[in-house]
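Peer 1: task: produce atomic coordinates for the following.
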Amino acid sequence: MIENNGSAKLREAVVSGIFYPEDPDILRAVVESALRKASPGGTGASAILSPHAGFEYAGAVAAAAWASARDRTPGTVVLLAPYHRAEESAVWLPEAETFQTPLGDVEVDRELVDELEACGTLFRQNDIPHFEEHGIEVQLPFLQVLFPRAAVVPVLLGKPVPSAVDSLAKALSLVFAESRESTLFVVSSNFSAPASPEEARSRFERIMSFLESGDDQSLYEEFRSETPDMCGVGCLAALLRSRVLDGRTWSLRARADSASKRSSPSERIVYYAGGGWT
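Peer 2: Reported below is the predicted structural model:
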């Protein structure tokens with residue numbers, strides 16, 4: 001944490017130059033180009049699923065997800081991501097007032113952060129988990145290009161035990177019950193799978209079927225025995241279990257996987273999915 005202008009707490013960019021370009025002009029050009037190339041279709045999504053791999057691996061998929069919401073003008077964007085290093089079950093909220101990327105600073109909606117913290121003892125404000133995670137940061141350049149005036153509510157889920165997933169779902173339903181039309185929900189998630197391309201593909205298709213049917217329990221059971229959270233499935237289950245998606249329908253906009261980039265045939269395959277609920 002550093003001091004910004006002598007007072008405001010700032011979460012600095014920590015993976016620029018690693019997961020995405022650190023030069024602001026190049027970064028903006030890359031994001032704008034990816035958004036232009038995103039497949040046409042519905043663009044009024046109220047929630048999206050976007051991967052958090054490096055832009056080289058999943059930038060086009062992330063762009064497709066964000067493009068599915070580009071016709072909206074949300075005042076607030078809720079960013080849900082896993083805390084990969086979590087040793088306990090908790091929902092980590094930031095103390096920071098702004099999050100930084102090479103494109104500038106994004107304001108945190110401190111009032112909504114405080115409202116979420118008041119939802120239970122599992123909700124805690126602590127900047128250390130947010131400094132150690134990249135899942136939220138890699139989403140911010142897309143947000144800054146599409147919705148430069150939006151404030152953010154960054155949320156990290158620790159170990160996705162049933163009580164934590166339920167608590168997060170209930171908190172989202174409660175805090176955003178009256179404002180879901182002006183809020184965009186973003187789940188930052190990757191899907192790991194066995195090394196066999198056939199098994200990986202089959203598992204990914206099961207996941208997509210759970211999203212289409214809204215079957216949060218089957219989605220959760222698919223991954224609950226694995227660590228760490230299969231990179232965001234706990235967040236995804238919580239969103240599906242909440243009331244913020246009532247009446248919304250899932251649509252897959254883009255997909256990719258790491259099979260061709262593996263260093264050995266025994267390396268696990270990661271699937272990246274981008275889509276939205278409209």
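Peer 1: only C-alpha atoms for contact and neighbour calcs from this point on.
Peer 2: Fine.
Peer 1: how close does Ser209 sit to Val186?
Peer 2: 19 Å (C-alpha to C-alpha, to the nearest Å).
Peer 1: which one's more surrounded, the two?
Peer 2: The neighbour count for Ser209 versus Val186, taken as other C-alpha atoms under 10 Å, is higher for Val186 (25 against 15).
Peer 1: wait, what's in contact with Met180?
Peer 2: Rather than Met, residue 180 is Arg. Contact analysis of Arg180 by C-alpha atoms under 8 Å, 6 or more residues apart in numbering lists 46, 244.
Peer 1: should've said Gly274
Peer 2: Counting by C-alpha under 8 Å, 6+ apart, the residues that Gly274 touches are 48-51, 61-65, 252-255.
Peer 1: quick one: it is in a helix?
Peer 2: No. Read with DSSP: H, G, I helix; E, B strand; the rest coil, Gly274 is strand and lies in no helix.
Peer 1: beta-bridge partners for it, please?
Peer 2: Gly274 has these beta-bridge partners by DSSP bridges: Ala254.
Peer 1: tell me which of the contacts of Gly274 is nearest to Ser218?
Peer 2: Leu49 (17.5 Å; C-alpha to C-alpha).
Peer 1: okay, and the beta partners of that closest one?
Peer 2: Where Leu49 sits in a bridge, its partners, by DSSP bridges, are Val187, Gly275.
Peer 1: that one - how many residues pack around it?
Peer 2: 29.
Peer 1: and it, how far from Ala237?
Peer 2: 12 Å.
Peer 1: Val31: what's it in contact with?
Peer 2: Each residue near Val31 by C-alpha under 8 Å, 6+ apart is listed here: 63, 141-142, 145.
Peer 1: and the closest residue to Gln125 other than its chain neighbours, what does it touch?
Peer 2: If the residues on either side of it in the chain are set aside, Gln125 comes closest to Leu93, at 4.5 Å by C-alpha to C-alpha, 6 or more residues apart in numbering. Leu93 is in contact with 113, 117, 123-127, 130, 154-156, counting by C-alpha under 8 Å, 6+ apart.
Peer 1: let me know the pLDDT of Leu93.
Peer 2: Looking at Leu93, its pLDDT is 98.
Peer 1: and the closest residue to Gly75 other than its chain neighbours, how many residues sit next to it?
Peer 2: The shortest distance from Gly75 to any residue that is not its chain neighbour, by C-alpha to C-alpha, 6+ apart, is 4.7 Å, and that residue is Ala150. Ala150 has 19 neighbours, counted by other C-alpha under 10 Å.
Peer 1: got phi/psi on Ala150?
Peer 2: In terms of degrees, to the nearest 10, the main-chain angles of Ala150 are phi -80, psi 140.
Peer 1: hang on, it packs against Arg72?
Peer 2: No. Ala150 lies out of contact with Arg72 (C-alpha atoms under 8 Å); the separation is 11.1 Å.
Peer 1: what sits against the most centrally placed residue in the chain?
Peer 2: The centroid of the chain falls nearest to Ser188 when counting by C-alpha atoms, centre = their mean (2.1 Å). With contacts taken as C-alpha under 8 Å, 6+ apart, Ser188 has the following neighbours: 49-52, 79-82, 135-136, 139, 231-232.
Peer 1: which of those residues has the weakest pLDDT?
Peer 2: Cys231 (79).
Peer 1: okay, it and Arg268: tell me how far apart.
Peer 2: 14 Å.
Peer 1: looking at the contacts of Val31, which is nearest Val15?
Peer 2: Closest to Val15, out of all of the contacts of Val31 and judged by C-alpha to C-alpha, is Pro141, at 12.0 Å.
Peer 1: so the closest one, which of the three states?
Peer 2: Pro141 - assigned by three-state DSSP - is helix.
Peer 1: likewise for Leu10?
Peer 2: Recorded secondary structure, Leu10: strand (three-state DSSP).
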